[in-house]
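Participant: sequence and predicted structure below; questions after.
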2 protein chains.
Amino acid sequence: MAIELRRPERAFSIRQLCMEFKVTPRALRFYEDKGLLSPAREGVNRVYHNRDRARLQLILRGKRVGFSLADIREILELYDEKDGGATQMACSLKKYRERIVELHSQRDDIDGAIAALEEGCAWLEKQLLDVRPDLLPQADDYDSVLRGRLVGVPGHG
Amino acid sequence: MAIELRRPERAFSIRQLCMEFKVTPRALRFYEDKGLLSPAREGVNRVYHNRDRARLQLILRGKRVGFSLADIREILELYDEKDGGATQMACSLKKYRERIVELHSQRDDIDGAIAALEEGCAWLEKQLLDVRPDLLPQADDYDSVLRGRLVGVPGHG
DNA sequence: GCTTTGATTGACGTTGACGTAAAGGTGATC
DNA sequence: GATCACCTTTACGTCAACGTCAATCAAAGC
């Protein structure tokens, strides 16, 4: 029925995925070992398809927000067996909720930390401006920081 | 001059601090070993004062937002020797900035994760409502979750 | 055919943040 | 004065998340 317009089924080598997401082959094999990935094989070599790529994205995002690999595995398993046992689903729902609460408080912490660090920056700048203005970062330094922020995220979709 | 109205100088035993912040004595001694804390001694026993308590708060908050203990140590040191070398200050300023950028993207990640998890929750609830509504959490469960969120943070000042 | 390049599977090493067990000191209480 | 509860230091153990190294295999180019 529905033609998959924007997801042509692609295959990736381990190198391709590693370069795209800036991880090592070791990491991908490790995730496979832990049951987070299960790429196809072409002979003995691993072949990753769209599904594996999507899962890898979830893995890395999960890591960035503080999930352990074990947590991530549970979540991925849930995505798989969305028809699975209802009890299991209820259990997962609870875990989801708990994690959401945690994430909210984590976000508050981050907001607090950002505020504190910015205050610290302001103080430092003020001091440096008085004492050693030559040591203050220049405009192009800020540029590079901004660029870093823009290109730092691989495929945030 | 200024009377310390809201910060009566208090002393805490290691146990008191541990219970208040839900950490183990081992952790506190570990932080001390790493130069993050330096409580007074009463004989051979450790005595923590307001300053130590405040530093511990910073340590734990720092951990929650992804700082390593080494990072936290740098920050704490900076808070101490705010008169320190200008070059050192410029260096710290740079690190602060980098960390702020990181924290911003971490916050974006968290927002994304929260959205994804809430979507997942909605889906799960819908399914469960169809299949096993008896397994859905009840109102008092939500209450306990909310309470947990309110009392979970020790003294977020 | 030989070498290079990249993939594979073990297996052991590493780092951070503690846990845990051993061996002992101190003050209160029974 | 013996037990108990709690403190101390020292030292080794652990766990997650990989890094690193070795030995091997397989296709590609010369």
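Facilitator: In hand now; what should we look at?

Participant: okay, CA-based contacts and neighbour counts for the rest of this
Facilitator: Fine.

Participant: report the angle between the axes of the helix or strand containing A:Glu102 and helix B:86-131?
Facilitator: Per DSSP states H and E: A:Glu102 is located in helix A:86-131. With axes from the mean of the first three to the mean of the last three Cα atoms, to 10 degrees as the basis, helix A:86-131 and helix B:86-131 are set at 160 degrees to each other.

Participant: tell me who's in contact with the residue nearest to the spatial centre of chain A.
Facilitator: Centrality entry for chain A: nearest residue to the mean C-alpha point is A:Arg61, 2.1 Å, by Cα atoms, centre = their mean. The contact partners of A:Arg61, by Cα atoms under 8 Å, 6 or more residues apart in numbering or on different chains, come to B:Asp109, B:Ala113.

Participant: could you measure it against DNA strand D, distance?
Facilitator: Note on A:Arg61: its distance to DNA strand D, by Cα to the nearest atom of the strand, to the nearest Å, is 11 Å.

Participant: over to A:Glu32?
Facilitator: Taking Cα to the nearest atom of the strand, one finds A:Glu32 at 11 Å from DNA strand D.

Participant: how about that residue: what's its closest non-neighbour residue?
Facilitator: The shortest distance from A:Glu32 to any non-neighbouring residue, by Cα to Cα, 6 or more residues apart in numbering or on different chains, is to A:Ser38 (5.8 Å).

Participant: surely the one you found and A:Asp52 touch.
Facilitator: Yes: using Cα atoms under 8 Å, A:Ser38 is in contact with A:Asp52, at 7.3 Å.

Participant: quick revisit: tell me the SS of the residue nearest to A:Glu32?
Facilitator: coil (DSSP: H, G, I helix; E, B strand; the rest coil).

Participant: burial of it, as a residue count?
Facilitator: 19 (other Cα atoms under 10 Å in any protein chain shown).

Participant: list the contacts of A:Arg107.
Facilitator: Shown in contact with A:Arg107 (Cα under 8 Å, 6+ apart): B:Arg107, B:Ile110.

Participant: how does chain A divide into domains?
Facilitator: Structural domains assigned to chain A are A:1-80, A:98-151, following automatic domain parsing.

Participant: is the longest one in proximity to DNA strand C?
Facilitator: So the one you mean is domain A:1-80. Yes: residues of domain A:1-80 contacting DNA strand C under Cα under 7 Å from any atom of the strand: A:Ser13, A:Ile14, A:Arg15, A:Pro25, A:Arg29, A:Val44, A:Asn45, A:Arg46.
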